[in-house]
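Peer 1: A structural model of the following input is requested.
(3 chains)
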Amino acid sequence: MKSHTKHIWIETKKRIEFLNITDEVQKEIDVSGIKEGLCLVNAMHITASVYINDAEHGLVEDYKEWLRKLVPGKPEDYKHNLTGEDNAYAHLMRTVMGREAVCAVTNGKLDFGPWEQIYYAEFDGCRKKRVMIKIIGE
Amino acid sequence: MKSHTKHIWIETKKRIEFLNITDEVQKEIDVSGIKEGLCLVNAMHITASVYINDAEHGLVEDYKEWLRKLVPGKPEDYKHNLTGEDNAYAHLMRTVMGREAVCAVTNGKLDFGPWEQIYYAEFDGCRKKRVMIKIIGE
Amino acid sequence: MKSHTKHIWIETKKRIEFLNITDEVQKEIDVSGIKEGLCLVNAMHITASVYINDAEHGLVEDYKEWLRKLVPGKPEDYKHNLTGEDNAYAHLMRTVMGREAVCAVTNGKLDFGPWEQIYYAEFDGCRKKRVMIKIIGE
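Peer 2: Now for the predicted structure:
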């Protein structure tokens, strides 16, 4: 069994920002030389997500608007913010969008449907954070 | 390390429909000959989900009703639909329900609790779509 | 390829209770002897979750309050409860929080960002339930 591990660093310019990282993940699969296996991609920080969906600008904007409705209220409504933080909303938005994607690797490629793209969703950005890419297989 | 990959095709009769696919997944584990490993099951389309929960008709109906409340409004409220699509709701419902399940395979069987069942949840059906089953192990 | 499987038993004192199980997971990785691989951690019951987020008491309370808003209404509003159950809410809360976490194992350790902690979230407790820990790798 082979394995390959890569932490990629991301620093978004906006506090909430979504980035398509599909090519970075495929690049690491290429580097690994693994042809058949599984690839884990996860946010290593707890106010960001990795998820798979459409690379469509309108949908990304819909996500942002929808998450604001699912996580309502003011910063002071959340007990987490009593610690001096102001990012309780970001922990909850990340929970809706998920921490990780596990992807099949077949014949050295992400074995995806026609529209699957891997996104990094940042909810408390403007600082350096890491994304895990780990591939195991043969 | 062994691996086994299967794309199964699903075409639901209704636009929103939930199907129990546990037996299909176990069948592929049998075919693989893998006794110890991990099994990834994911929707390969971005308006459908794979999730694990109860095989209980009332709960399935509750899910459908609840998702309509979590994803409110009219089609024209969503920017994704400005592209000519009408399925923004389906992308968001799939996000709540999740893309994938990763299952332990022990002694050649899905190593599940007493009520765990693997469901495919279609939110924009009446057309052919694929589900990935990928097993790695020994 | 090596694999290691452990079911841990949990019985919470309250119906809804969140427990940090990170140390139990790392202990099983130690027992496995696996240095490079993937570790699956999942609730084996369908009214409980495994998720990764902050070990911060205020955030845990925020989760409980937020989930009550996302899963509103009375027990009799849910069809699942027509079977004699009263825990439809718990199936839906578990869906929001997720069933599983897949973790990278690097150099024999959970390869985590600085704040990642693995939680078991019980939504219908006061009875014995299992959590799966399965590690594969080398």
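Peer 1: So for the longest helix belonging to chain A, what gets flagged as buried?
Peer 2: If you go by DSSP state H, chain A has its longest helix at helix A:57-70. Neighbour-count burial for helix A:57-70, counted by 16 or more other Cβ atoms under 10 Å in any protein chain shown, picks out A:Gly58, A:Leu59, A:Val60, A:Asp62, A:Tyr63, A:Trp66, A:Leu67, A:Leu70. In this view, the C-beta of every residue, glycine as well, is placed from N, C-alpha and C.
Peer 1: wait, what's in contact with the fifth one?
Peer 2: The contact partners of A:Tyr63, taken as Cβ atoms under 8 Å, 6 or more residues apart in numbering or on different chains, are A:Phe18, A:Met97, A:Ala121, B:Leu92, B:Thr95.
Peer 1: didn't the last one look like it was pressed against A:Tyr119?
Peer 2: No. Using Cβ atoms under 8 Å, B:Thr95 is not in contact with A:Tyr119; the gap is 10.9 Å.
Peer 1: Find the residues that touch each one of these two.
Peer 2: A:Tyr51, A:Asn53.
Peer 1: related to what we said a few turns ago, measure how the longest helix of chain A sits relative to helix B:57-70, angle-wise.
Peer 2: 100 degrees (axes from the mean of the first three to the mean of the last three Cα atoms, to 10 degrees).
Peer 1: any idea which helix or strand comes after helix A:57-70?
Peer 2: Once the chain leaves helix A:57-70, the next helix or strand it forms, by DSSP states H and E, is helix A:88-97.
Peer 1: how much distance is there from that next one to the middle of the chain?
Peer 2: Relative to the chain's own centre, helix A:88-97 is displaced by 12 Å; criterion: Cα atoms, centre = their mean, to the nearest Å.
Peer 1: which residues are contacting that helix?
Peer 2: A:43, A:46-49, A:51, A:63, A:67, A:70-71, A:75, A:78-81, A:121, A:123-124, B:95-96, C:51, C:53-54, C:58-59, C:62-63, C:66, C:96-98.
Peer 1: For ChimeraX, write the select line for the buried members of those.
Peer 2: Buried members of the contacts of helix A:88-97, defined by 16+ other Cβ under 10 Å, are picked up in ChimeraX with:
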select /A:43,46,47,48,49,51,63,67,70,71,78,79,80,81,121,123,124 /B:95,96 /C:51,53,54,58,59,62,63,66,96,97,98
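Peer 1: list the buried ones in the helix or strand harbouring A:Ile135?
Peer 2: Assigned by DSSP H and E, A:Ile135 belongs to strand A:129-137. By 16+ other Cβ under 10 Å, the buried positions in strand A:129-137 come out as A:Lys129, A:Arg130, A:Val131, A:Met132, A:Ile133, A:Lys134, A:Ile135, A:Ile136, A:Gly137.
Peer 1: Great, nothing more from me.
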